[in-house]
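>>> Build the 3D model from these lines:
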Amino acid sequence: MDRHPTPGGRNSLRYWTDAKSPIRVALNYLAVWLIRISPSLRLRNWLLRRLGATVGSGVSWGLEATPDVFWPERIEVGEDAIVGYDSVLLCHEFLQDEYRLGDVVVGDRAMLGAKVTVLPGVEIGDDAQVAANSLVADDVPAGETVAGVPARPVERGGDGEDGGDSEDGGDGAHGPADPDRR
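Numbers count the residues shown, from 1 in each chain. Below you'll find the predicted structure:
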């Protein structure tokens, strides 16, 4: 993560025009608007590449999904990855005394569910899955499934063992362990 201190007693967003050209941000915004509303995956991926993002073949960029408007060139999306509906990939954070920049990398065949927010400097590994409505603040290893705010690994009880700790014997996310209780 790159840190850039800002002068004076005001928050860093007040100085955004020192960090990035307003004309570039305005042009990026127009392209991002088209990316968000276009029904064409081909057009979305083409526009993302024109903004400087690295976009692998077969990427599915969901409707209303938003790349970083200030630094889209810091986004890399691997082949056959899915960025779900209304998700946001942020490569910057404007804070009180500094702004931070970090690349966002989404690996090959990774899947981000609807309304996922990925913070700057995060890498989501190949074949990783991020559940809908999650906030990804830390790297996600290849093949891992994460969920929540903040996103954490999802425990899976695939061998018949109880995967959770709820009183009803279920895992709390999928209902009771006894199918007759449903």
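
>>> Just the buried positions in stretch 41-51, please.
If you call a residue buried by 16 or more other CB atoms under 10 Å, then stretch 41-51 has these buried ones: 44, 45, 47, 48, 51. C-beta here means a position set from N, CA and C on the backbone, and glycine is covered the same way.

>>> Let me see the mean pLDDT of it.
Throughout stretch 41-51, pLDDT has a mean value of 97.

>>> Can you pull out the low-pLDDT segments for this protein?
By pLDDT under 70, the low-scoring segments of the chain are 157-182.

>>> helices or strands up against the longest helix along the chain?
Looking across the chain with DSSP state H, the single longest helix is helix 22-37. Applying 3 or more CB pairs under 8 Å, 6 or more residues apart in numbering; DSSP states H and E, one finds that helix 22-37 contacts helix 41-50, strand 66-67.

>>> Those into TSV, with extra columns for distance to residue 156?
Below are these laid out as TSV (distance: least, CB to CB, whole Å):
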stretch	distance to residue 156
helix 41-50	31
strand 66-67	30
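
>>> Identify whichever of those lies nearest to residue 14.
strand 66-67 (22.8 Å; CB to CB).

>>> Surely residue 80 and residue 41 touch.
No. Assessed by CB atoms under 8 Å, residue 80 is found out of contact with residue 41, at 11.9 Å.

>>> between the two, what contacts are shared?
With contacts taken as CB atoms under 8 Å, 6 or more residues apart in numbering, the residues that reach both residue 80 and residue 41 are 59, 60.

>>> Pairing partners for the spatially most central residue of the chain in the sheet, please.
The centre of the chain sits closest to residue 118, judged by CA atoms, centre = their mean, with a distance of 3.0 Å. Beta bridges link residue 118 to residue 89, residue 136, judged by DSSP bridges.

>>> got the contact list for it?
With CB under 8 Å, 6+ apart, residue 118 has these contacts: 87, 88, 89, 90, 104, 106, 112, 124, 130, 136.

>>> Looking at neighbours, which among those residues is most surrounded?
Counting neighbours by other CB atoms under 10 Å, residue 106 leads these with 31 neighbours.

>>> What distance do you get for it to residue 21?
Going from residue 106 to residue 21 by CB to CB, to the nearest Å gives 26 Å.

>>> go on, residue 101?
15 Å.

>>> Counting neighbours, go ahead and name the busier of these two.
Legend: neighbour count by other CB under 10 Å for residue 101 and residue 21, higher for residue 101 (18 against 10).

>>> The more buried one touches residue 74, doesn't it?
Yes. When contacts are counted by CB under 8 Å, residue 101 is listed as touching residue 74 (6.7 Å).

>>> Need the overlap of contacts for the two.
91, 120.
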